[in-house]
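Novice: Dropping the sequence and predicted coords here.
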Amino acid sequence: MERESIGQILLVSILSGNFVLAMFLGMCPFLGVTHRIAVAAPLGLATTFVIVIACVSAYALNIVLSILHLEFLRLICYIVVIAAAVQLVEMFVKKQSPSLFRALGIYLPLITTNCAVLGVALYQTAREYDFIQSLTFALGGGFGFTLALVLLASVRERVQLSNVPDVLHGTALTLMLGGILSLAFMGFAGIG
Amino acid sequence: MNPAPVSTWTEFTEGLWERNPVFVMVLGMCPTMAITTSAINSISMGLATTFVLTTSCLLISMLRHMIPKDVRIATYIVIIATFVTVVDYAIQAISLSMYEALGAYIQLIVANCLVLGRAEAHAARNPPWASAVNATGIGLGFTLGLTMIGAVREILGSGTLLGISLFGSHYQPWVVMILPPGGFFVMGLWLLLFSIVRKHRKSAADAVKEGCHGA
């Protein structure tokens, strides 16, 4: 199999293989915290940070587990490392910006159960990326996730000012907007 | 501990429809949209999740007095991850083609907020039997929701249901429905439909009430 170049991985993970809009990883925050850009952007960045930490530790863990022939423990080890990383971010945000901590609410600890984080760790193992490739994939995926969150948040801020039929309010509307965004991102399909 | 004792049967059916995890609680969205490209994928994913949900809720509920409060989430996740590993290897052994179709999403059951949500909200407070029944109901409700989305997407996107051709060879498949945007649209349309039905019921109930007042 030909190795993918760094640029290719970066472009694919941000655009045509966007975590949220093409691979459906991390739907809960995508639907839950995108009512304002001011909340969506920091959450995206926090998630990117956790994704990168998870990617590096998963890479190291995978080497150890392969040496010990304990591959069946991979999933359990990954999720424990991710949970620890999220705890770290949570303490940091709480100390640095209590107001942001309140705005993010339950969604901050929920990064643990964000499929995007675990997804990066699992995909990089399945695709046998080397260290640099994994790191690029994690960064690209994180930025793609932030991009999707910010885009949807800005659309939703606009929609709040317009006249929407009563029955469509709530999740149904968000899903429709997400669908249209996803349709737009499919236009990048030729890249990479 | 519960204010009103709930019968086992109510506990079970509640998860199926009234508190359907997909359409009412809107939890566990990632697999809901990613693997619902066909009905059969949806059913197998739903059943895998049901198994993980039931077994882990049963175990967590049995251990609920032993787990220290501060590390409970981590403990739950480790328990869930164990059962997901079991399911992962089991599916790989039963059907390799199914395993390839579901891909990483089987392992991603660990990160399904539905499972952790049930563990925290129900299994940690109720006896094993009740929480297992509740988890099975929720799991089957999840399967139902997944299948409803998967069937619509399969019919529109490839003109088949469970692999059986419905419209003959002249049907031009609506390909976008099995691509990612289709997941958003079909899920949104179901929610829209339910919201319209709910509104109609409500206005009908209001009309009846007003009629009574008039008489």
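Specialist: Done, it's in.
Novice: Okay, helices next: where are they in chain A?
Specialist: A:6-11, A:27-32, A:37-68, A:74-96, A:98-104, A:115-126, A:131-159, A:171-185 (DSSP state H).
Novice: Just the buried residues of the second one, please?
Specialist: This points to helix A:27-32. By neighbour count on 16 or more other Cβ atoms under 10 Å in any protein chain shown, the buried set for helix A:27-32 is A:27-32. Using the backbone N, CA and C atoms, a C-beta is placed for each residue, glycine as well.
Novice: Rebuild the residues you listed as TSV, extending it with pLDDT.
Specialist: Below are the buried residues of helix A:27-32 laid out as TSV (pLDDT from 0 to 100):
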residue	pLDDT
A:Met27	81
A:Cys28	77
A:Pro29	80
A:Phe30	82
A:Leu31	81
A:Gly32	78
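Novice: measure A:Val39 to A:Leu100 for me?
Specialist: According to Cβ to Cβ, to the nearest Å, A:Val39 stands 8 Å off from A:Leu100.
Novice: what about the two, which has more around it?
Specialist: A:Val39 (20 against 16; other Cβ atoms under 10 Å in any protein chain shown).
Novice: Find the residue closest to that one in space, skipping its chain neighbours.
Specialist: Leaving out its chain neighbours, the residue that sits closest to A:Val39 by Cβ to Cβ, 6 or more residues apart in numbering or on different chains is A:Ala103, at 5.0 Å.
Novice: ok, and which of the helices of chain A has the densest surroundings?
Specialist: Ranked by average neighbour count under the criterion mean count of other Cβ atoms under 10 Å in any protein chain shown, these are headed by helix A:115-126 at a mean of 25.
Novice: That one vs helix A:37-68, what angle?
Specialist: If you take axes from the mean of the first three to the mean of the last three Cα atoms, to 10 degrees, helix A:115-126 sits at 30 degrees to helix A:37-68.
Novice: does chain B sit close to helix A:115-126?
Specialist: Yes - contact of helix A:115-126 with chain B (Cβ under 8 Å from any Cβ of the partner chain) involves A:115, A:117-119, A:122-123, A:126.
Novice: again, but for stretch A:5-19
Specialist: No - applying Cβ under 8 Å from any Cβ, one finds stretch A:5-19 separated from chain B by no less than 8.9 Å.
Novice: if we can go back for a sec, compare the helices of chain A and give me the one nearest B:Ser131.
Specialist: helix A:74-96 (21.7 Å; Cβ to Cβ).
Novice: Give me the distance between B:Val175 and B:Gly159.
Specialist: Note on B:Val175: its distance to B:Gly159, by Cβ to Cβ, is 11 Å.
Novice: Looking at these two, which is more packed in?
Specialist: Set B:Val175 next to B:Gly159 and count neighbours by other Cβ under 10 Å: B:Gly159 wins out with 17 against 11.
Novice: need the contact list for that one.
Specialist: B:165-167, B:171, B:173 (Cβ atoms under 8 Å, 6 or more residues apart in numbering or on different chains).
Novice: if we go to 10 Å?
Specialist: Shown in contact with B:Gly159 (Cβ atoms under 10 Å, 6 or more residues apart in numbering or on different chains): B:165-174.
Novice: Can you check the pLDDT for it?
Specialist: The per-residue pLDDT reported for B:Gly159 equals 78.
Novice: Kindly provide the distance from the closest residue to it other than its chain neighbours to chain A.
Specialist: Nearest non-adjacent residue to B:Gly159, counting by Cβ to Cβ, 6+ apart: B:Tyr171, 4.1 Å away. Between B:Tyr171 and chain A the distance is 22 Å, computed by Cβ to the nearest Cβ, to the nearest Å.
Novice: show me where pLDDT drops low in chain A?
Specialist: Along chain A, segments meeting pLDDT under 70 span A:1-3, A:190-192.
Novice: Tell me who's in contact with residue 169.
Specialist: Because you didn't say which chain, this covers chain A. A:159, B:195.
Novice: nope, chain B
Specialist: Here B:Ser169 is in contact with B:Gly159 (Cβ under 10 Å, 6+ apart).
Novice: where's B:Phe184, which helix or strand?
Specialist: Element membership for B:Phe184, per DSSP states H and E: helix B:180-214.
Novice: Give me the distance between B:Thr85 and chain A.
Specialist: B:Thr85 is 5 Å from chain A, by Cβ to the nearest Cβ.
Novice: I'm done for today, thanks for sticking with me.
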